[in-house]
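**Q** with the input below, show me the fold.
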Amino acid sequence: MLFELVVFGIILVAVGYWATMYTMGRRDDVIHGNFVQDEAAEPAPQMAARPQMPPLPARRPAPAAPRASRESLQSLLAVIKQDLKDAAQV
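**A** Presented below is the predicted three-dimensional model:
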């Protein structure tokens with residue numbers, strides 16, 4: 001019984017280690033078993049300078065939305081009132 005608990009504990013620690021390494025982004029260590037190397041052994045690759053983007057042209061203001069006429073608003077209000085009456089009767 002004690003031997004089984006020890007084996008279960010070792011497996012539990014291994015799974016915890018695997019999950020921790022995986023969630024911290026060390027997927028290569030988890031999958032391939034490659035462990036952290038000395039930073040002095042491999043110099044970090046130099047990143048190329050990012051090319052400058054040309055400036056964007058100035059944006060024109062958006063055209064104004066067409067204004068609703070008073071008659072169209074009145075007809076919309078009448079339709080809404082009729083729908084509410086129909087819904088209240090159901």
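
**Q** need the longest helix for this protein.
**A** Looking across the chain with DSSP state H, the single longest helix is helix 2-23.

**Q** show me what counts as buried in that helix.
**A** Residues of helix 2-23 classed as buried: Met21 (neighbour count, 16 or more other C-beta atoms under 10 Å). For the C-beta atoms, the positions are set from N, CA and C on the backbone; glycine is no exception.

**Q** chain center to it, what's the gap?
**A** Computed by C-alpha atoms, centre = their mean, to the nearest Å, the separation of helix 2-23 from the middle of its chain amounts to 31 Å.

**Q** what mean pLDDT does it get?
**A** The pLDDT scores in helix 2-23 average 89.

**Q** output that helix as PDB, restricted to C-alpha atoms.
**A** C-alpha atoms of helix 2-23 as PDB (Å, rounded to 0.1, in the frame of the first residue of the first chain):
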ATOM      1  CA  LEU A   2       2.800   2.400   0.900                       C
ATOM      2  CA  PHE A   3       4.700   1.600  -2.400                       C
ATOM      3  CA  GLU A   4       1.500   2.400  -4.400                       C
ATOM      4  CA  LEU A   5       1.200   5.800  -2.600                       C
ATOM      5  CA  VAL A   6       4.800   6.600  -3.400                       C
ATOM      6  CA  VAL A   7       4.400   5.800  -7.000                       C
ATOM      7  CA  PHE A   8       1.200   7.800  -7.200                       C
ATOM      8  CA  GLY A   9       2.900  10.700  -5.500                       C
ATOM      9  CA  ILE A  10       5.800  10.600  -8.000                       C
ATOM     10  CA  ILE A  11       3.300  10.500 -10.900                       C
ATOM     11  CA  LEU A  12       1.300  13.400  -9.400                       C
ATOM     12  CA  VAL A  13       4.500  15.500  -9.100                       C
ATOM     13  CA  ALA A  14       5.500  14.700 -12.700                       C
ATOM     14  CA  VAL A  15       2.000  15.700 -14.000                       C
ATOM     15  CA  GLY A  16       2.200  18.900 -11.900                       C
ATOM     16  CA  TYR A  17       5.600  19.800 -13.300                       C
ATOM     17  CA  TRP A  18       4.400  19.100 -16.900                       C
ATOM     18  CA  ALA A  19       1.300  21.200 -16.400                       C
ATOM     19  CA  THR A  20       3.400  24.100 -14.900                       C
ATOM     20  CA  MET A  21       5.900  24.000 -17.700                       C
ATOM     21  CA  TYR A  22       3.200  23.800 -20.400                       C
ATOM     22  CA  THR A  23       1.200  26.800 -19.000                       C
END
